[in-house]
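>>> turn this into a structure:
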Amino acid sequence: MPSDANLALQASVTKVATFSSAALTLPAGTPRSRTLDVRVIYSAATNASGSNSVLFSLDVSKDGGSTFNQEFLADPIALSTTAQSGEIFIPFSVTPTSVVNGIQVKGSATFSGAGSTPTITYQMDIVPARP
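Numbering: from 1, shown residues only. Below is the predicted model of the structure:
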C-alpha cells in the first residue's frame, strides 16, 4: 500500500518526555468494525544512563474529545546507551456507539524509569491491518 494512503497520526518528531499527538477524528468511511494497525516507525531511541522505557499507545475518545482512554498498547521499548530503531504495529478496532462528534484518537509515547536523557524519534500512522 502506498504510504500516501495511510492516515497520519503523528509526523516525525523527537521527544524526551511523555507526549500525545493532536486528536484525530476518524473519517466517516473508516472501517471501524474491523481491525486496523497503528504503525510506529522509530529511530535514535537512546538513554544516557540508567533504565528508561517508552510505551506507545493509541488513546481513544468516544465523547467528542473530552476524555481519552489509553486503550491499545504496544510492548514497551527498553532504552539503552545503544541507539535502537524499528517498526512496531498496534492492532486496534473501535466500534461506533451513540457518538455525536465521532470517535477521536491520538497516539501517545509514555516515558518511564529512572534513567537520564531518554530520547526517541518516531512517526505514527494508521494502516490496514497486517494479514
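>>> would you tell me what the next helix or strand after the helix or strand bottoming out on mean pLDDT in the chain is?
In the chain, no helix or strand scores lower on mean pLDDT, DSSP states H and E than strand 24-25, which sits at a mean of 87. Moving toward the C-terminus from strand 24-25, the next helix or strand (DSSP states H and E) is strand 36-46.
>>> same for that following strand, what does it pack against?
strand 52-61, strand 77-79, strand 84-92, strand 119-128 (3 or more CB pairs under 8 Å, 6 or more residues apart in numbering; DSSP states H and E). All C-beta atoms are positioned from the backbone trio N, CA, C, and that covers glycine.
>>> JSON lines for the ones you listed, including mean pLDDT, mean neighbour count and distance to residue 17?
As requested, the helices and strands packed on strand 36-46 are arranged in JSON lines below (pLDDT from 0 to 100; neighbours: other CB atoms under 10 Å; distance: least, CB to CB, whole Å):
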{"stretch": "strand 52-61", "mean pLDDT": "95", "mean neighbour count": "21", "distance to residue 17": "10"}
{"stretch": "strand 77-79", "mean pLDDT": "96", "mean neighbour count": "19", "distance to residue 17": "13"}
{"stretch": "strand 84-92", "mean pLDDT": "96", "mean neighbour count": "14", "distance to residue 17": "18"}
{"stretch": "strand 119-128", "mean pLDDT": "95", "mean neighbour count": "20", "distance to residue 17": "10"}
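>>> can you check which of these gets nearest to residue 6?
strand 119-128 (4.2 Å; CB to CB).
>>> the closest one pairs with which strands?
Counting by DSSP bridges, the strands paired with strand 119-128 are strand 7-15 (antiparallel), strand 36-46 (antiparallel).
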